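Q: below is the sequence, then the predicted model.
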Amino acid sequence: FAWAVIPLILALIFDQLFFNDSLGLSYPFFHLCLLVGALFLFKDKIEGSSWSGWTAIGLAHLLSWTFALFASTPILVGNFLLVPVLTVVGFWLLTSKHHEAWDQILFVPTMIKESILPFFAYLIIPVKFISKALPSKSVKPSAVKDVLLGLVLFSPIVLVVIALLSSADSVFAELTDSLLSFDLPFAEHYLEHLPLILFAYLGLSSLIWLIYSRKDKQLQERDHYTLKPTVAITGLILLNIIYLVFSSIQITYLFGGADLSFLNDLTYAEYTRKGFFELVFVCFINLGVTSAIVLHSLKKKSSPTLAGLLTVLIGFTGVLLASSQMRLTLYLDAYGMTYLRFFVQASLIAILFYLIFALVSIWNHRFKPYKWSLIITLSLWFIISFINIDARIASYNLQTPLQSEHIDLSYLTHELSTDAFTTIVNKLE
């Protein structure tokens, strides 16, 4: 009975909170209701020692409060996507005997494989809920029971179809009005809410049953193919030579203050901006190369030469990262901070940690860079979510003397959210 009623109650709460209304305080309140309902249904499957599952759920709920505290669009969009994912992952880990499997590379693709397609298959699960809720005996269900079950299940769908067809054709609308001309108070109001309730009920029922009924199996590490050390060493020598030449240029012109007059009409700020995103992308390429070689070659057969070349590659990547940071700093001094530049700055901090983890994994094969990279990424996003980035962007642009000698008040007042209002007023007084 609870499996049918609790998703319905949650769907009704969902409708009351979000129908033609903003998220705000409703989002963390509904998330709390969802947690209570799910914990009640999963109480016999929860592994109490799963600290990772409880951490994911707790982090998801804390992030849900950003909808009540802030109005920054990038933060709310990010958390709108992240909170449901963390919630599902949390309950996935809580109901699994292998609850520490999240630090394996296969965890994410396995979850996607076992969640997306089964989710749509389980949309029919309310039939099972209602069948269990109806009284049953050892005899086979009667025809009357089957008919009643069919009416209960398909009545909402029939009403939604009638409403849509009536909206599409005025003649059909008049016909249905004449046939369904019941003077029922609030009937029109309830019909407006019905699609959202039905959507929420089907989605929640499918998701809850998906997590509860999945087969709990241990992730099996794949037998990765082996990359011969000679192949890897050859490729790394070529890459390191290229990076040696490029790093020399970066050190000379960005850190050494060499003359840039040969760049013709390019200003210093324009030079620093040019190629910035390409450098960041190259950093990610080098991280990918390092991870692939460690996984497919270095872990298979220890090679000091290969480890040394990978270390050199990480060092050159550090130079690229420093160049990117220098370019970004100079560009911020010239044109100020924006949403995009703020998140790019945060990305550079994350890449620095990724480089450190990659370096450790080269010399310590038991170290799991994937695990710590995930922890750092979530930690940085959590911090960003609660530091009021709009106010910080406004504060930076209003207190930093820009080389462009003007403050873009249009960006501050039209692009930033109301979170920056107090800061802007205080700085301009």
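A: Great, that's in hand.
Q: wait, V294 touches L359, no?
A: No - contact between V294 and L359 fails when scored by CB atoms under 8 Å: they sit 10.5 Å apart. C-beta here means a position set from N, CA and C on the backbone, and glycine is covered the same way.
Q: from the contact counts, what lies against the host helix or strand of I384?
A: Assigned by DSSP states H and E, I384 belongs to helix 369-386. Counting contacts by 3 or more CB pairs under 8 Å, 6 or more residues apart in numbering; DSSP states H and E, helix 369-386 packs against helix 51-64, helix 66-69, helix 73-94, helix 339-363.
Q: okay if I get the ones you listed as a markdown table plus mean pLDDT, mean neighbour count and distance to L12?
A: What follows is these, written out as a markdown table (pLDDT from 0 to 100; neighbours: other CB atoms under 10 Å; distance: least, CB to CB, whole Å):
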| stretch | mean pLDDT | mean neighbour count | distance to L12 |
| --- | --- | --- | --- |
| helix 51-64 | 91 | 19 | 19 |
| helix 66-69 | 93 | 18 | 20 |
| helix 73-94 | 90 | 19 | 19 |
| helix 339-363 | 92 | 17 | 37 |
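Q: now distance to I376 too, for those, in JSON lines please.
A: As requested, the helices and strands packed on helix 369-386 are exported to JSON lines (distance: least, CB to CB, whole Å):
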{"stretch": "helix 51-64", "distance to I376": "14"}
{"stretch": "helix 66-69", "distance to I376": "20"}
{"stretch": "helix 73-94", "distance to I376": "15"}
{"stretch": "helix 339-363", "distance to I376": "5"}
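Q: quick check: pLDDT value at I125.
A: The per-residue pLDDT reported for I125 equals 61.
Q: so how far is A394 from W209?
A: In this structure, W209 lies at 47 Å from A394, with CB to CB, to the nearest Å as the measure.
Q: and these two? Which one has more around it.
A: The residue with more neighbours, out of W209 and A394, is A394; 28 against 22, by other CB atoms under 10 Å.
Q: which ones are touching the more buried one?
A: 412, 416, 420, 423-424, 427 (CB atoms under 8 Å, 6 or more residues apart in numbering).
Q: which SS state does K45 fall under?
A: Taking DSSP: H, G, I helix; E, B strand; the rest coil as the rule, one finds K45 in the coil state.
Q: not counting sequence-adjacent ones, nearest residue to it?
A: Nearest-residue entry for K45: T95, 4.5 Å, with adjacent residues in sequence omitted and distances by CB to CB, 6 or more residues apart in numbering.
Q: go on, Q250?
A: Computed as CB to CB, 6+ apart, the closest residue to Q250 that is not its neighbour in sequence is S323, at 4.4 Å.
Q: now that neighbour: which helix or strand?
A: When secondary structure is defined by DSSP H and E, S323 falls within helix 304-335.
Q: can you pull the buried residues of that helix?
A: 306, 309-310, 312-314, 316-325, 327-328, 330-335 (16 or more other CB atoms under 10 Å).
Q: how near is the residue nearest the centre of the chain to R392?
A: Nearest residue to the geometric centre of the chain (CA atoms, centre = their mean): L82, 3.7 Å. From L82 over to R392 the distance is 20 Å, taken as CB to CB.
Q: how about K368?
A: Summarising the geometry, the distance separating K368 from R392, computed by CB to CB, is 33 Å.
Q: then T418?
A: Per CB to CB, T418 is found 15 Å from R392.
Q: more neighbours: which of these two?
A: When T418 and R392 are compared on other CB under 10 Å, the one with more neighbours turns out to be R392, at 16 against 10.
Q: L359 is in contact with T311, correct?
A: Yes - the pair T311 and L359 qualifies as a contact (CB under 8 Å) at a distance of 6.7 Å.
Q: can you get me a residue count around the residue nearest to K45?
A: Should you count by other CB under 10 Å, T95 turns out to have 21 residues around it.
Q: now do H296
A: Using other CB under 10 Å, the number of residues around H296 comes to 16.
Q: ok, it touching L227?
A: Yes - with the criterion set as CB under 8 Å, H296 and L227 qualify as a contacting pair; they are 4.2 Å apart.
Q: per-residue pLDDT of L263, please?
A: The model reports L263 with a pLDDT of 53.
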